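Novice: sharing a sequence plus its predicted fold:
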Amino acid sequence: MSLDDPQISSASSSLKIMLVDDQPARAAILEQALTDAGCTVVARLSSAQGLMKRVEEHQPDAIIIDIESPDRDMLEHMSVLNQHNPKPVIMFSDEDDSSTIEKAIRAGVSAYIVDGLNPKRVKSIMDVAIARFREFQALRGELEKTKNQLADRKLLDEAKSLLMKHKNLNEEEAYHAMRKMAMDRGQRIVDVAKNIISVMNLLND
Amino acid sequence: MTKNNAATSGLEQPNLKIGYMPLSDSLPLLVADDLGFFAREGLSVELQQEVSWANIRDKVLVGHLDAAQMLAPMLLATHLGIGGLRKPMQTAFAMGLNGNAFTIANNLAAELTATGISDISGNAEQALDAVKIVISQRKAENKPTLIFAIVFPFSIHNFLLRDWLASAGINPDSDVQLVVLPPSQMVDHLALQHIDGFFAGAPWNTVAIQRGVGECLVSGPDLWSNAPDKVLGTTQQWANDNPNTLNSMIRALYQACAWADANRDDAAKLLAKRIHLPVDAVQPALSGKFVYRKRQPATQVDDMLVFNRYHANYPWPEHAQWFLTQMQRWGWAANDLDNNAIVNECYATATYRAALADQALPPTSHQLRFDIQQAWELDDKVMGATGFKYR
């Protein structure tokens, strides 16, 4: 799965790829990864608007699309329409590579590949796309976690300073008081903090 | 309750994930979930709403979904590996009949009226004459080709629209442009004049009409009364591995369909709530009081959307035959396929009969309105040597 694998780079050297993704950050990451692997990203679209025209224009070897895009059915239709043309787009390869497909679906990515493309090349593109989509999923998860942690931290600080002010406690005592409440009630400390804030604010109103 | 115990005792997989698209004909699944028909069969079902038919197919293939609402022709195409992945597929339950309509933009409606042909809405022959005239006029005046949207290549929508156009010698691949759009986007694209019309399921025709961006030219039943559409699809492997679970699913959905036919008003409320649309938008297709054009009185379209009556849930082999021959007609499937064998493999009529042995069972054959041989002869006659070269 490594992008530095020379075999992948040489195998996918001249492939023209089109990305359809409404998440520009993810598309940018994937474009970089595919470029590093020796592919050419001929177009990056945020929706399928004008997709057919762009496909005619660029004749991509592969189209990579977010699996939750409602525009997938449009690509399905194109693959049927273009079957008499030299470059029809089909789903994955002729190989019934269930594990790649399974992994792709799990990562949230799907792809359309021209007929007759070497299955190994298809797999290498898919592996790159799957890896980047996963990475993005993980990044977004991390970001979400960090955001939550920051928000929690703020709540804890606010509750602590309310306790310090109204109960004449020092910082450490305030923190221990909250931790004890959390343990006694079997609650998360952040929920205790929320509770303290709402109660204190109510008392002060 | 003893029956339930018997039904639940041998369930291979009582916890199921079933996929669906937010359309009026997903109602049987929503009803079975909401009113407890699944639960009464011992099934715990998680319904998963999907954004594309392609997703539904792929997720069923890799086992992320146990079963799903599927376009019947998509199930057959997947079984044959046309246009994508190949995996043996099966259905033992059709989710209903009809529900579709062809809605056109106001601009096109005006063009059709200008042809002088009167009384076109809901009249398949007259409407088609007018469409044919507009297509020739547009060609003569070098105006853009008409663009009509459908929901998926392998769908009754595509097949019915193509068949209808072809019956007047209109080549659906060159005289008009057919594009695919998600059903929920049809109305916006029509309003923005990206398309001149769309053939899609309820409730999207009514939504377009109520928003005043288009009018219904012909309803599905105007073209083929009681046409097949969606089925409950699984892989053959899944059906073989889970026969008792499949039986229970069929029984639950059959009850749900019967309930939906008998309780149209409540069904409309339930549907509106589950697919997040106003009751007014989903009501017309369910009540059959269908409005073709805004501010016009409703026309009674009997059976605008049928869930259970007329043995609507039976997977009629004749329907699968028709779909297969249409795929062959348009060059998507090979002509030398053993159609009977494919139909026997994919349409599990015996499973249906066994699961619903205590219900009124359908006769063993079904007279189709369409004669495929006739359609092909018509293609030759109307189009001649320069015509359709699909076969």
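Specialist: On my side now, so go ahead. Numbers count the residues shown, from 1 in each chain, chains lettered A, B, ... in the order given.
Novice: residues making contact with stretch A:136-149?
Specialist: Residues external to stretch A:136-149 that are found in contact with it (CB atoms under 8 Å, 6 or more residues apart in numbering or on different chains): A:23, A:25, A:26, A:29, A:107, A:108. Heads up, the C-betas are built off the backbone N, CA and C, glycines and all.
Novice: phi and psi next, for the spatially closest residue to the second one that is not a sequence neighbour.
Specialist: When the adjacent residues along the chain are set aside, residue A:25 lies closest to residue A:136, with 7.4 Å between them (CB to CB, 6 or more residues apart in numbering or on different chains). The phi and psi values for residue A:136, taken as degrees, to the nearest 10, are phi -70, psi -40.
Novice: tell me which element residue B:165 falls in.
Specialist: Secondary structure assigned from DSSP states H and E places residue B:165 in helix B:156-166.
Novice: same for the helix ranked longest in chain B, what does it pack against?
Specialist: Taking DSSP state H as the assignment, the helix of chain B that covers the most residues is helix B:243-262. When contacts are defined as 3 or more CB pairs under 8 Å, 6 or more residues apart in numbering or on different chains; DSSP states H and E, helix B:243-262 sits against helix B:2-9, strand B:15-20, helix B:27-34, helix B:37-40, strand B:89-94, strand B:230-235, helix B:349-355.
Novice: among these, which is nearest chain A?
Specialist: Between chain A and these, the shortest gap by CB to the nearest CB is with strand B:230-235, which sits at 11.2 Å.
Novice: chain center to the closest one, what's the gap?
Specialist: Between the centre of strand B:230-235 and the centre of its chain there are 12 Å (CA atoms, centre = their mean, to the nearest Å).
Novice: next: stretch B:210-228.
Specialist: Averaged C-alpha coordinates place stretch B:210-228 at 12 Å from its chain's average position (CA atoms, centre = their mean).
Novice: can you give me the strands in chain B?
Specialist: Shown for chain B, the strands assigned by DSSP state E span residues B:15-20, B:44-49, B:67-71, B:89-94, B:97-98, B:100-105, B:147-150, B:177-180, B:197-201, B:214-219, B:230-235, B:289-290, B:299-300, B:305-306.
Novice: same check, this time on chain A
Specialist: Listed in chain order, the strands of chain A (DSSP E) span A:16-20, A:40-45, A:62-66, A:89-91, A:109-114.
Novice: and chain B, which of those strands is closest to it?
Specialist: Among those, strand A:89-91 comes nearest to chain B, with 3.8 Å by CB to the nearest CB.
Novice: could I get the average pLDDT for the closest one?
Specialist: Mean per-residue pLDDT for strand A:89-91: 43.
Novice: try stretch A:169-187
Specialist: In this model, stretch A:169-187 carries a mean pLDDT of 90.
Novice: quick check: residue B:321 touching residue B:342?
Specialist: No. Taking CB atoms under 8 Å as the contact criterion, residue B:321 and residue B:342 are not neighbours in contact, 9.2 Å apart.
Novice: ok, back up a step: let's have the strands of chain B in TSV, adding distance to residue B:131, mean pLDDT and mean neighbour count.
Specialist: Written out in TSV, the entries for the strands of chain B read as follows (distance: least, CB to CB, whole Å; pLDDT from 0 to 100; neighbours: other CB atoms under 10 Å in any protein chain shown):
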stretch	distance to residue B:131	mean pLDDT	mean neighbour count
strand B:15-20	33	98	20
strand B:44-49	35	97	15
strand B:67-71	25	98	27
strand B:89-94	30	98	26
strand B:97-98	21	94	28
strand B:100-105	9	97	28
strand B:147-150	10	97	24
strand B:177-180	14	94	20
strand B:197-201	9	97	28
strand B:214-219	8	96	26
strand B:230-235	27	98	27
strand B:289-290	20	92	20
strand B:299-300	20	90	13
strand B:305-306	25	96	28
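Novice: redo those as TSV? Include distance to residue A:165.
Specialist: TSV is the format used below for the strands of chain B (distance: least, CB to CB, whole Å):
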stretch	distance to residue A:165
strand B:15-20	52
strand B:44-49	48
strand B:67-71	58
strand B:89-94	66
strand B:97-98	69
strand B:100-105	65
strand B:147-150	63
strand B:177-180	63
strand B:197-201	62
strand B:214-219	64
strand B:230-235	63
strand B:289-290	66
strand B:299-300	72
strand B:305-306	64
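Novice: out of the ones you listed, flag the one nearest chain A.
Specialist: Relative to chain A, the nearest member of the strands of chain B by CB to the nearest CB is strand B:177-180, separated by 3.7 Å.
Novice: show me what that closest one is packed against.
Specialist: helix A:72-81, strand B:147-150, helix B:156-166.
Novice: the residue lying closest to residue B:148 once chain neighbours are set aside bridge partners, please.
Specialist: In space, not counting the residues next to it along the chain, residue B:148 is nearest to residue B:197; the distance is 4.8 Å by CB to CB, 6+ apart. With beta bridges defined as DSSP bridges, residue B:197 has these partners: residue B:104, residue B:148.
Novice: where in chain A is pLDDT low?
Specialist: When the per-residue scores of chain A are filtered using pLDDT under 70, the ranges that remain are A:1-13, A:82-98, A:203-205.
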